[in-house]
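In: Kindly return the folded structure for what I paste below:
(2 chains, ligands or ions: 4)
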Number of protein chains: 2
Amino acid sequence: TDDEIVELSELFYASSGARSVPMDEFLAALDQAASSESKEGNALGLNKGFKTHPLGIGTCASEYMYAKTHGKYTEEELDVKLTHIEPKDWLDRAAFSSVKAVRFIFDQATGWNRGQITQDKILNRAIYLETIAAIPGMVAAIIRHFRSLRNMTRDGGMLNMFLEEANNERMHLLTFIRMKDPGYAFRAAVIGGQFGFGSTFLVLYMISPAFCHRFVGYVEEEACHTYTKIIDAIENAPEGSDLARWQTEEAPKIAKGYWHLGEHGSVLDLMRAVRADEAEHRDVNHAVSGVGYDTVNPLYDPREKMDGMLKRYVQDMMERSTEKSKPTTSSA
Amino acid sequence: TDDEIVELSELFYASSGARSVPMDEFLAALDQAASSESKEGNALGLNKGFKTHPLGIGTCASEYMYAKTHGKYTEEELDVKLTHIEPKDWLDRAAFSSVKAVRFIFDQATGWNRGQITQDKILNRAIYLETIAAIPGMVAAIIRHFRSLRNMTRDGGMLNMFLEEANNERMHLLTFIRMKDPGYAFRAAVIGGQFGFGSTFLVLYMISPAFCHRFVGYVEEEACHTYTKIIDAIENAPEGSDLARWQTEEAPKIAKGYWHLGEHGSVLDLMRAVRADEAEHRDVNHAVSGVGYDTVNPLYDPREKMDGMLKRYVQDMMERSTEKSKPTTSSA
Ligand SMILES: [Fe+2]
Ligand SMILES: [Fe+2]
Ligand SMILES: [Fe+2]
Ligand SMILES: [Fe+2]
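Out: Numbering: from 1, shown residues only, chains lettered A, B, ... in the order given. Ligands and ions are numbered 1, 2, ... in the order given. I've put the predicted structure just below:
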């Protein structure tokens, strides 16, 4: 079926990273697959753990393939504009001030603005913040899921969108963690951050989802600034420096598959994709702040999807008929 | 792109339920879509709430479309066998006895086995149990998500599968709730059940995921029995009776779209699809009981998916070459 073709091509892409497979590797894999029925357990006897297929079919795609909604960004989408939504009421202002205060304290504590920007500083910051960033989407989904069950009412599709956000942030984390292995003190801080922020956010979301989404909207504005600073630093790094290497160094495989970065997708490409994700979360969270529980997801409304499709169809028809009626002399 | 085509055809299916669209409706919709750019807000000025598109494009697809993994079942998949996994150790036995005890108490309290089976009894039972059934998948996903963030390790894809299970159970609930509006006492019992079972299951999952998945596996064995009893009762209902009507009465629209039941999909078709879901949960939960956190999802391993594809490819090649080398006289 069509679904299966999409899925299998995704799967293949995820493992090979868009490189073309040499014929001999392909034949070896075919041979193995065909002869594997007689073996015990699964095809390759790799039932447990995260090992790798001889053809290079890794398992990291399992992390995001089950309900994949992520594809490749266009150049236009990657070219993120730094936007800011002005606070409109006291709730917005409270959200904005909280974000600014938290950012200030965090920057001071980690020394982000002191001294030079380095690979190490970037990875420390990114890894830590991504362990926190995957919390709000999950909390929102939890509350909406149980609410839907308890009241026996529809959710309107937002909960699935927030789950996708949470999983997307988790993919950021799983990517960066491939580039650095943090120490014990760092890991302790991560655990503390999860319990501290997680429980606070849970309570806040029960009180005011509007505040929480506005808060996340402003957090993501900051994230866009930070990733833009990182991207600029990589692009303008003096030749031979630490950061300049990221212009060409390949991104981890899990990232190449998830964002379709291509066979030689670099860390710079990765950073640009991550920033585009953050910009999307920014816009989504600002857009849904204040949208009631009993409303269909304004960003994924089947009626609008359908209308969009019909509109494109009409445009297509009109363009074609204009072309037909045009005299062909101009192009000849 | 291919993804988009799949998605749009899904969307169209979800709204039209496989009926062919009359030309005049289609033209009216095109007209509206094309002229809508000048209007304020979204295309149809239906920004809020759960209203319906004039062409019949409902919003209920928003409930499951965002990360759709559900399609149509084959006749073979619908023909569910009642299986039972024998308990292998004391943990399995504890899970099995708990399920049997809970079922006994619940049956006694609700009078499920007393008197005749009716639409009302079926809906009461189904609605109540589905508000509970969507809890375990979500709890498992919550624990695995936060664990993945806290330890900065991969999950192996199981958490996405459990989220899909939770959403699938929620779709059961949202379908049945269209067929009956429960009273206040019922609603209070639902809320009590959510807090009671939810908190218990959360604690149990932190202690022993193996026990919890085995428990769900046995619950789903019971669910398969119950839905089989319901299906038999509908199929063998005396003509003109309450239950006989469900042989032809159309299933709610949300169900027709989600399970691809076709334009006139009946409540009986719906029950068969729900049973197939429960059988899948049964097999999945039994399969993952005891599978460690650091293992790739055994039911969605990219390596096996790939090998399956390659195997089918080889078989195809072999069949084709056999056909070619065969003398063609036999068919002439
Ligand atoms: Fe992020
Ligand atoms: Fe983010
Ligand atoms: Fe169910
Ligand atoms: Fe179930």
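In: what stretches of the stretch 101-250 of chain A score poorly on pLDDT?
Out: Across the stretch 101-250 of chain A, nothing is flagged by pLDDT under 70.
In: List the contacts of the residue in the stretch 101-250 of chain A that ligand 4 sits nearest to.
Out: Checking the stretch 101-250 of chain A residue by residue against ligand 4 with Cβ to the ion singles out residue A:149 as nearest, at 12.9 Å. From N, CA and C alone the C-beta is placed, and that goes for glycine too. Residues in contact with residue A:149 (Cβ atoms under 8 Å, 6 or more residues apart in numbering or on different chains) are B:131, B:134-135, B:170, B:173, B:190, B:194.
In: For it, give its distance to residue B:166.
Out: Using Cβ to Cβ, to the nearest Å, one gets 9 Å for the distance from residue A:149 to residue B:166.
In: overlap in contacts of the two?
Out: Here residue A:149 and residue B:166 share the contacting residues B:134-135, scored by Cβ under 8 Å, 6+ apart.
In: and the strand or helix carrying the residue of the stretch 101-250 of chain A closest to ligand 4 with ligand 2, contact?
Out: Residue A:149 belongs to helix A:119-151 when assigned by DSSP states H and E. Yes. Counting by Cβ under 5 Å from the ion, ligand 2 has neighbours in helix A:119-151: residue A:133.
In: anything in that helix sitting right up against ligand 1?
Out: Yes. On the criterion Cβ under 5 Å from the ion, helix A:119-151 is in touch with ligand 1 at A:130, A:133.
In: Only the buried residues of that helix, if you could.
Out: Of the residues in helix A:119-151, those buried by neighbour count under the rule 16 or more other Cβ atoms under 10 Å in any protein chain shown are A:119, A:121-146, A:148-151.
In: And for stretch A:175-194?
Out: Of the residues in stretch A:175-194, those buried by neighbour count under the rule 16+ other Cβ under 10 Å are A:175-177, A:179, A:182, A:190, A:193-194.
In: again, but for stretch A:86-106
Out: Taking 16+ other Cβ under 10 Å as the basis for neighbour counts, the residues of stretch A:86-106 that come out buried are A:91-92, A:95-96, A:98-99, A:103.
In: Mind checking which of the residues you listed are in helices?
Out: Counting by DSSP state H, the part of the buried residues of stretch A:86-106 found in helices is A:91-92, A:95-96, A:98-99, A:103.
In: Output those residues as a markdown table; include the columns distance to ligand 2.
Out: As requested, these are arranged in a markdown table below (distance: Cβ to the ion, whole Å):
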| residue | distance to ligand 2 |
| --- | --- |
| A:91 | 21 |
| A:92 | 19 |
| A:95 | 15 |
| A:96 | 17 |
| A:98 | 16 |
| A:99 | 12 |
| A:103 | 13 |
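In: Leaving out sequence neighbours, find the closest residue to the closest residue to ligand 1 within the stretch 1-150 of chain A.
Out: With Cβ to the ion, the shortest gap between the stretch 1-150 of chain A and ligand 1 falls at residue A:133, namely 4.4 Å. Across the structure, with Cβ to Cβ, 6 or more residues apart in numbering or on different chains as the measure, the residue nearest residue A:133 apart from its sequence neighbours is residue A:169 (4.2 Å).
In: Does the one you found belong to a helix, a strand or coil?
Out: Residue A:169 falls in the helix class when you classify it by DSSP: H, G, I helix; E, B strand; the rest coil.
In: And residue A:85, by the same measure?
Out: Using three-state DSSP, the three-state assignment for residue A:85 comes out as coil.
In: That one and residue A:217 touch, don't they?
Out: Yes. If you go by Cβ atoms under 8 Å, residue A:85 and residue A:217 touch, sitting 6.5 Å apart.
In: residue in the stretch 101-250 of chain A nearest to ligand 1?
Out: Taking Cβ to the ion as the measure, the point where the stretch 101-250 of chain A comes nearest ligand 1 is residue A:172, at 3.9 Å.
In: Alongside ligand 2, which residues does the stretch 51-200 of chain A contribute?
Out: By Cβ under 5 Å from the ion, the residues of the stretch 51-200 of chain A that approach ligand 2 are residue A:133.
In: Now with 6 Å, please.
Out: The interface of the stretch 51-200 of chain A toward ligand 2, taken as Cβ under 6 Å from the ion, is made up of A:133, A:169.
In: Repeat that for the stretch 201-332 of chain A.
Out: When proximity is defined by Cβ under 6 Å from the ion, the stretch 201-332 of chain A lies next to ligand 2 at A:220, A:223, A:278, A:281.
In: Can you lay out these as JSON lines showing neighbour count and secondary structure?
Out: Written out in JSON lines, the entries for these read as follows (neighbours: other Cβ atoms under 10 Å in any protein chain shown; DSSP: H, G, I helix; E, B strand; the rest coil):
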{"residue": "A:220", "neighbour count": "24", "secondary structure": "helix"}
{"residue": "A:223", "neighbour count": "24", "secondary structure": "helix"}
{"residue": "A:278", "neighbour count": "25", "secondary structure": "helix"}
{"residue": "A:281", "neighbour count": "22", "secondary structure": "helix"}
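In: Using TSV, please lay out these together with distance to ligand 3.
Out: As requested, those are exported to TSV (distance: Cβ to the ion, whole Å):
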residue	distance to ligand 3
A:220	36
A:223	39
A:278	37
A:281	32
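In: what two of these are the furthest from one another?
Out: Using Cβ to Cβ, these span at most 7.8 Å, a distance reached by A:223 and A:281.
In: how about the helices in the stretch 201-332 of chain A?
Out: When secondary structure is read from DSSP state H, counting those that start in this stretch, the stretch 201-332 of chain A shows helices at A:209-235, A:253-259, A:267-288, A:302-325.
In: Could you report the distance from the residue lying closest to residue A:168 once chain neighbours are set aside to residue A:62?
Out: The shortest distance from residue A:168 to any residue that is not its chain neighbour, by Cβ to Cβ, 6+ apart, is 5.5 Å, and that residue is residue A:277. Applying Cβ to Cβ, the value for residue A:277 to residue A:62 is 20 Å.
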